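Asker: Have a look at this fold, sequence not included:
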């Protein structure tokens, strides 16, 4: 990914670089999406694997927090810690220039909305990135499920408790939660496009990550890894239920990202129309 150009040197030369315009942010996202849609399958999948393993670090931290509280109590402090755990995985994955599915449920839609690319390349990218995220995350889940009890950072019961907490809602509620999480990840992608340096990008990722985790929203990658860690730790949920929860989250995240992308695209069109009217 090339959106994370280090702005420290540039800022030293131009300390008062203006914020990117709305149109410039859209153009940057659109250009990146064109490049991502054309990337080789191996590159997309391998980058997704690394991102999934990065996001999986959050699950280890979540299990540790559940263990410290003796379960999911819902106390404000515990929810805030959950948010911080989510943010850690997001920061590592996104600032590490790896590919998360929830980012591409937004930016990769732009070329489709403008008619420059078809639906096929978009579905290909989503499938490869999400598949890589899950593969990497599940490998890490297997590892932490064996390692965490050994070093006494979390027990298998802690992973089970958190998995049950995530999946113990009606599927409709989970889908609505995932829509909001997808919308927030779309917003994060948009904020990063306007970020002028690594520090601002870090803060954007941290704020969105803490919000998603503290609110208990369902994120396709982190939640799926947490569910898998719970299942291999003998969660009573059952694989069929876990699969249904996963499907609701993936679809909800995509819908949330689509809503954000459509709103941004309409905003760009209105801005362009207003510009033409001013020029008359």
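Answerer: That came through, no problem. Computed from a predicted structure; not experimentally measured.

Asker: what helix or strand is residue 66 on?
Answerer: helix 41-69 (DSSP states H and E).

Asker: Give the burial count for residue 47, as a bare number.
Answerer: Neighbourhood size, residue 47 [other CB atoms under 10 Å]: 24. No exception for glycine: its C-beta is placed from N, CA and C like everyone else's.

Asker: Can you verify my assumption that it contacts residue 96?
Answerer: No: checked against CB atoms under 8 Å, the pair residue 47 and residue 96 is beyond contact range at 9.5 Å.

Asker: shaky segments in the stretch 101-250 of the chain?
Answerer: The model of the stretch 101-250 of the chain has pLDDT under 70 over residues 196.

Asker: Spit out the contact partners of the spatially most central residue of the chain.
Answerer: The centre of the chain sits closest to residue 102, judged by CA atoms, centre = their mean, with a distance of 4.2 Å. Shown in contact with residue 102 (CB atoms under 8 Å, 6 or more residues apart in numbering): 181-182, 185, 219-221, 253, 257.

Asker: Relative to residue 166, which of those residues is nearest.
Answerer: Checking the contacts of residue 102 against residue 166 with CB to CB, the nearest one is residue 219 at 9.8 Å.

Asker: SS state for the closest residue to the closest one other than its chain neighbours?
Answerer: Leaving aside its sequence neighbours, residue 219 sits nearest to residue 181 (CB to CB, 6 or more residues apart in numbering; 5.0 Å). Secondary structure, DSSP: H, G, I helix; E, B strand; the rest coil: residue 181 is helix.

Asker: which residues sit in contact with residue 181?
Answerer: 102, 212, 217-219, 252-253, 256.

Asker: Pull out the buried members of the residues you listed.
Answerer: Buried members of these, scored by 16 or more other CB atoms under 10 Å, are 102, 212, 217-219, 252-253, 256.

Asker: which secondary structure elements does the helix or strand hosting residue 258 contact?
Answerer: For residue 258, the enclosing helix or strand under DSSP H and E is helix 239-279. With contacts taken as 3 or more CB pairs under 8 Å, 6 or more residues apart in numbering; DSSP states H and E, helix 239-279 sits against helix 22-37, helix 101-104, helix 110-113, helix 156-167, helix 171-194, helix 220-232.

Asker: Perfect, that will be all.
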